[in-house]
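[1] Here is a sequence together with a model predicted from it:
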Amino acid sequence: MGLNELRVADSDADLIRRFVNALWVEEGLSENTQKAYCSDISLFAVWLSNTHQKALCEADTGEIEGYLALKYRQKASERSSARLLSSLRKFYLFALREGSVDRDPTASIEAPRIGRTLPKTLTEKDVEALLAAPNSDEPLGCRDRAMLEVLYATGLRVSELVGLKLGQLNLRQGVVRVVGKGSKDRLVPIGEEAEDWVNRYLKTARLAILRGRRSEYLFVTDRGAGMTRQAFWHLIKRYAFLAGIRKPLSPHTLRHAFATHLLNHGADLRVVQLLLGHSDLSSTQIYTHVAQERLKDLHARCHPRG
């Protein structure tokens, strides 16, 4: 939706264009993000003009709060309201720098609190079905089973999994060395089951897939290259379908299951933090909201009326 279609006053339209251009120059925002900012400010400009007969540079705090309240009554989500306020803040800071306004009318407005989205996870039964879905008698199926087993056993990010190189694996100690976000190394145990599948893959399937070629990557494609995140994500979706799992999945689904199931079985939150490679414990704490099985079980076993 363009500025002309919204019938924005010329002076406001010119200021909005300069604002969006400045965003592009200063922050390198994508075209879609620029359009979102333009739409947010333009819709507010039309409302302000129609309701209060004012231009954007004449708006006060009360009028902006009134517009946000209107959006709330129209069932705008907290996330949409937060994005709208963020758009208005950026716009008025730009206008303040330009000298178009002498104060920021959004400065005293509190942003809505957005609850963190709980990660989607799988039950242990779902995971067992997913792990058993590949045909492990075939080289590629054996590779896929080994990858799924490692992913669930370690909680690696998909990008960390597909990027694993042979030198990062130490089967004698049963650990894998992972280079995570911020180039931080961590050692993660892979467990006996995943270790067995990796051994089986290395002894037979990997050699059959490479057909005499060499690769530094642990998990390879039939072209002898390392696998991409997108390719592995398509494999997960295919195996989930074969396993009869109809829940919404994300590339992090097995990572979430890894963390949730560890907590369900009594793991310490800080241990899970280290295994996941989270620098901040708050990133891990969200899993305590998901691990309801453990809480229910503890209540049933320990409470007098459980």
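    Arrived safely.

[2] before we move on, what SS does residue 134 have?
    coil (DSSP: H, G, I helix; E, B strand; the rest coil).

[3] Quick one: neighbours of it, just the number.
    23 (other C-beta atoms under 10 Å). C-beta: built from backbone N, CA, C; applies to glycine.

[4] Contacts only, for it.
    Residues near residue 134 by C-beta atoms under 8 Å, 6 or more residues apart in numbering: 141-142, 144-145, 148, 239.

[5] can I get these in TSV with neighbour count and pLDDT?
    Formatted as TSV, the contacts of residue 134 follow (neighbours: other C-beta atoms under 10 Å; pLDDT from 0 to 100):
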residue	neighbour count	pLDDT
141	15	96
142	23	97
144	25	97
145	24	97
148	24	95
239	20	95
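
[6] Can you say which two of the residues you listed are spatially most distant?
    Greatest spatial distance among those (C-beta to C-beta): 142 and 239, at 13.3 Å.

[7] before we move on, back to that, quick check, nearest of the contacts of residue 134 to residue 16?
    Proximity of the contacts of residue 134 to residue 16 (C-beta to C-beta) peaks at residue 239, which lies at 48.0 Å.

[8] which stretch of helix or strand covers the closest one?
    Per DSSP states H and E, residue 239 falls inside helix 229-242.

[9] how far off helix 229-242 does the following helix or strand past that helix point, in degrees?
    Per DSSP H and E, the first helix or strand lying C-terminal to helix 229-242 is helix 253-264. Counting by axes from the mean of the first three to the mean of the last three C-alpha atoms, to 10 degrees, helix 253-264 lies at 70 degrees to helix 229-242.

[10] And helix 253-264, what does it pack against?
    Under the contact criterion of 3 or more C-beta pairs under 8 Å, 6 or more residues apart in numbering; DSSP states H and E, helix 253-264 touches helix 124-131, helix 139-154, helix 269-276, helix 281-290, helix 292-302.

[11] do that again at 10 Å, thanks
    Counting contacts by 3 or more C-beta pairs under 10 Å, 6 or more residues apart in numbering; DSSP states H and E, helix 253-264 packs against helix 124-131, helix 139-154, helix 158-162, helix 229-242, helix 269-276, helix 281-290, helix 292-302.

[12] Would you mind reformatting the contacts of residue 134 (as a markdown table) and adding columns for distance to residue 61 while you're at it?
    What follows is those, written out as a markdown table (distance: C-beta to C-beta, whole Å):
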| residue | distance to residue 61 |
| --- | --- |
| 141 | 62 |
| 142 | 64 |
| 144 | 57 |
| 145 | 60 |
| 148 | 54 |
| 239 | 54 |
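
[13] with these in mind, which one is nearest to residue 34?
    Among the contacts of residue 134, residue 239 lies closest to residue 34 (C-beta to C-beta), at 38.9 Å.

[14] Pretty sure that closest one sits against residue 133.
    Yes - Residue 239 lies in contact with residue 133 (C-beta atoms under 10 Å); the separation is 3.9 Å.

[15] Now the common contact residues for those two.
    141, 144-145, 148, 245 (C-beta atoms under 10 Å, 6 or more residues apart in numbering).

[16] What ranges in the stretch 151-300 of the chain fall below the confidence cut-off?
    Along the stretch 151-300 of the chain, the parts satisfying pLDDT under 70 run over 180-183, 271, 278-300.

[17] do that again at 90, thanks
    153-160, 171-176, 178-191, 222-230, 233, 246-300 (pLDDT under 90).

[18] how close does the spatially most central residue of the chain get to residue 222?
    The centre of the chain sits closest to residue 252, judged by C-alpha atoms, centre = their mean, with a distance of 7.7 Å. Going from residue 252 to residue 222 by C-beta to C-beta, to the nearest Å gives 26 Å.
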